[in-house]
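Novice: Quick one, structure for this:
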Amino acid sequence: MRFRFKNFKVYQDSKKFCKFCRDIVKGQIKSRDKDLASQIEKALNSIVLNIAEGSADNSDIEFARFFGISIRSVYETVAGFDLALLYGMVKPEQNENIESDAHDLVKQLSSFRNSLKPE
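Specialist: Residues are numbered from 1 along each chain as shown. The predicted structure is shown next:
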């Protein structure tokens, strides 16, 4: 069986964003604040996993709802890194890169969601 979500550019880009951010979490946050690291990692996983889960339905309305959850998870990720910046665990340049990539990802997720047809 072919999984259609694997062909979506937004899915591929979400995985790249997840990997990029998780590397920072592992290298700079996890050893200093396990709870914050865990929360960021959960939010990152949620971005990718909700795209996949939403694609399983034949309903565009339901698929759009899962894209909304992915978008909220991007926002949660940004807030987590904002806290990490406040606590001195990440550099301002890293946080700026994360926010820029997150902004682009939210635009892509929103565009995909808006392309779905209401039933």
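Novice: which secondary structure element contains the residue nearest the centre of the chain?
Specialist: Nearest to the geometric centre of the chain sits residue 47, at 3.7 Å (Cα atoms, centre = their mean). Using DSSP states H and E, residue 47 falls within helix 34-54.
Novice: list the helices and strands that helix packs on?
Specialist: helix 9-24, helix 60-86 (3 or more Cβ pairs under 8 Å, 6 or more residues apart in numbering; DSSP states H and E). Every C-beta, even on glycine, is put in place using the N, C-alpha and C of the backbone.
Novice: again, only this time at 10 Å
Specialist: helix 9-24, helix 60-86, helix 92-115 (3 or more Cβ pairs under 10 Å, 6 or more residues apart in numbering; DSSP states H and E).
Novice: Put together a markdown table for those helices, with distance to residue 35 on each row.
Specialist: Converted to a markdown table, the helices and strands packed on helix 34-54 look like this (distance: least, Cβ to Cβ, whole Å):
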| stretch | distance to residue 35 |
| --- | --- |
| helix 9-24 | 16 |
| helix 60-86 | 10 |
| helix 92-115 | 19 |
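Novice: JSON lines for the ones you listed, including mean neighbour count?
Specialist: As requested, the helices and strands packed on helix 34-54 are exported to JSON lines (neighbours: other Cβ atoms under 10 Å):
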{"stretch": "helix 9-24", "mean neighbour count": "17"}
{"stretch": "helix 60-86", "mean neighbour count": "18"}
{"stretch": "helix 92-115", "mean neighbour count": "15"}
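Novice: quick revisit: test my guess that the residue nearest to the centre of the chain contacts residue 19.
Specialist: No: Residue 47 is beyond contact range of residue 19, at 11.4 Å (criterion: Cβ atoms under 10 Å).
Novice: Show me the shaky parts of this protein.
Specialist: Counting by pLDDT under 70, the chain has low-confidence residues at 1, 118-119.
Novice: nearest residue to residue 5 other than its sequence neighbours?
Specialist: residue 55 (4.0 Å; Cβ to Cβ, 6 or more residues apart in numbering).
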